[in-house]
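# fold the following.
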Amino acid sequence: MKISVIIPCYNCADFIERAVSSVLQQTLKEYEIILVDNNSTDNTFSKLLDLKKSNPQIISVLSELTKGAPAARNKGIVEAKGQYIQFLDADDELKPVKLESQYLTAERMQADVIIGNHTLIYSVNGKIKTHTKFANPDPWEGLINSNLGITSSNLWRKDSLVKVNGWDTQKTSSQEYDLLFRLLQSGAKFAYEGSLQTNIYKAESSISKSTNKKRVEEIITNRIELRKNIKAYLEKSDLLTPKLNRLIDTYIYMELMTRVDDIPEFANEYLKNNLLDISKGKVFKTQLKRYLKPLKLLSN
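Model (predicted):
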């Protein structure tokens, strides 16, 4: 068994078949599909059983009572027989050569994590839009800027995941980049595979649309704390270059500025108490023009 495809399933009866079908169409055939129901309240579980019935040698169905995709993925890891793990969200899909191309890259490079690109598919006023997202081949830069692939676009060596105890089910956000950080700390080897092999369907609900200020502050805090932990580790390991230091501080600053209208007290307090080494590059200056109004607020 080369690859175990793990799909957390929560109230996904209307679209899980698309995800499963995309796996069944893979050119690499040595795989299994593990569907993990996670407290669904619709007819998802019966749908999963129907899918298993159609491919009993390939598909298995599990249940995980602990809420959240990280717990469901961990359940799948325990049962997985594959050398590598392909995590796939129930509303996303893989292109036909995804598993084969990344498996061959992993074997050739002896990599623990293959970083992949993806196509984001979303709707604006009823019109379907697409956006191509290319990952950063540099592991530390990609980690800092949340550009080191995403759950479904990457391929993960099972032994490496087990070594770091899988997903942290206690975290309320930033779970994926916390996992990537722990893998880098453990010495896992990362490699980049440059093709576009994953389609990600973006739901309407996201932090950019959230009006729950407490939740927004929690998410931003988790993102900032992760970058502070990354900086501390790099500094301790004598790996913190001036460039990486600026990237971390610039990331933190931009996170605060993009949500300053929602959490002005939090943003003001953080910037008063933390000295940030901000990038002065042209790209940053262009982005900064969008936030001139918040900057005036912070200067008060």
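# C-alpha from now on. contacts and neighbour counts both.
Fine.
# what about Tyr253, which helix or strand?
With the criterion set as DSSP states H and E, the secondary-structure element containing Tyr253 is helix 242-258.
# Asn222 contacts Ser173, correct?
Yes: with contacts counted by CA atoms under 8 Å, Asn222 reaches Ser173, the gap being 6.7 Å.
# could you pull out the helices for the stretch 51-200 of the chain?
Listed in chain order, the helices of the stretch 51-200 of the chain (DSSP state H, counting those that start in this stretch) span residues 69-79, 98-109, 139-144, 158-163, 175-185.
# which one of those lies closest to His118?
Distance to His118, taken as CA to CA, is lowest for helix 98-109 among these, at 10.8 Å.
# list the buried ones in that closest one?
Buried residues in helix 98-109, defined by neighbour count with 16 or more other CA atoms under 10 Å: 98-103, 105-106.
# likewise for stretch 79-94?
For stretch 79-94, a neighbour-count test (16+ other CA under 10 Å) marks 80-82, 84-94 as buried.
# out of these, who's nearest Trp167?
When the buried residues of stretch 79-94 are compared for distance to Trp167 (CA to CA), Phe87 comes out closest, at 11.7 Å.
# report the contact partners of Val61.
Taking CA atoms under 8 Å, 6 or more residues apart in numbering, we find Val61 in contact with 34-37, 48-49, 52.
# nearest to Thr27 among the buried residues of helix 98-109?
Glu100 (6.5 Å).
# ok, that closest one - contacts?
Contacts were defined as CA under 8 Å, 6+ apart; by that measure Glu100 touches 26-28.
# just the buried ones among these, please.
Buried subset of the contacts of Glu100 (neighbour count, 16+ other CA under 10 Å): 26, 28.
# of the contacts of Glu100, closest to Pro264?
Of the contacts of Glu100, the one sitting nearest to Pro264 (CA to CA) turns out to be Gln26, at 48.1 Å.
# longest helix in this protein, please.
If you go by DSSP state H, the chain has its longest helix at helix 213-236.
# run through who's touching it.
The contact list for helix 213-236 (CA under 8 Å, 6+ apart) reads 144, 172-174, 178, 181, 207, 210, 240, 245, 248, 252, 255-256, 262-263, 266.
# okay, now the nearest residue to Thr105 once chain neighbours are set aside: neighbour count?
Here the nearest residue to Thr105 in space, its sequence neighbours aside, is Glu193; by CA to CA, 6 or more residues apart in numbering that works out to 6.9 Å. For Glu193, the count of nearby residues is 21 (other CA atoms under 10 Å).
# show me what contacts Glu193?
When the contact criterion is CA under 8 Å, 6+ apart, the partners of Glu193 are 101-102, 105, 114-117.
# in CSV: the helices of the stretch 51-200 of the chain, plus distance to Asn229 and mean pLDDT.
Below are the helices of the stretch 51-200 of the chain laid out as CSV (distance: least, CA to CA, whole Å; pLDDT from 0 to 100):
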stretch, distance to Asn229, mean pLDDT
helix 69-79, 21, 97
helix 98-109, 28, 98
helix 139-144, 11, 97
helix 158-163, 20, 98
helix 175-185, 9, 97
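# report all helices and strands that the helix holding Tyr253 contacts.
Helices and strands touching helix 242-258, as assessed by 3 or more CA pairs under 8 Å, 6 or more residues apart in numbering; DSSP states H and E, comprise helix 139-144, helix 213-236.
# quick check: buried residues in the longest one?
Buried residues in helix 213-236, counted by 16+ other CA under 10 Å: 216-217, 219-224, 226-228, 230-231, 234.
# which residues of the stretch 101-250 of the chain score low on pLDDT?
204-211 (pLDDT under 70).
# try 50 this time
Screening the stretch 101-250 of the chain residue by residue with the criterion pLDDT under 50, one finds the ranges 205-210.
# among the contacts of Val61, name the ones in strands.
By the criterion of DSSP state E, membership of the contacts of Val61 in strands covers 34-37.
# most neighbours, which of those residues?
Each of the ones in strands among the contacts of Val61 was scored by neighbour count (other CA under 10 Å); the top score is that of Leu35, with 28 neighbours.
# spit out the contact partners of it.
6-9, 48, 59-62, 76.
# among these, which ones are in strands?
Those of the contacts of Leu35 lying in strands (DSSP E): 6-9, 59-62.
# pipe the contacts of Glu100 into a markdown table and attach distance to Lys133, secondary structure and pLDDT per row.
Written out in a markdown table, the entries for the contacts of Glu100 read as follows (distance: CA to CA, whole Å; DSSP: H, G, I helix; E, B strand; the rest coil; pLDDT from 0 to 100):
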| residue | distance to Lys133 | secondary structure | pLDDT |
| --- | --- | --- | --- |
| Gln26 | 22 | coil | 98 |
| Thr27 | 24 | coil | 97 |
| Leu28 | 24 | coil | 97 |
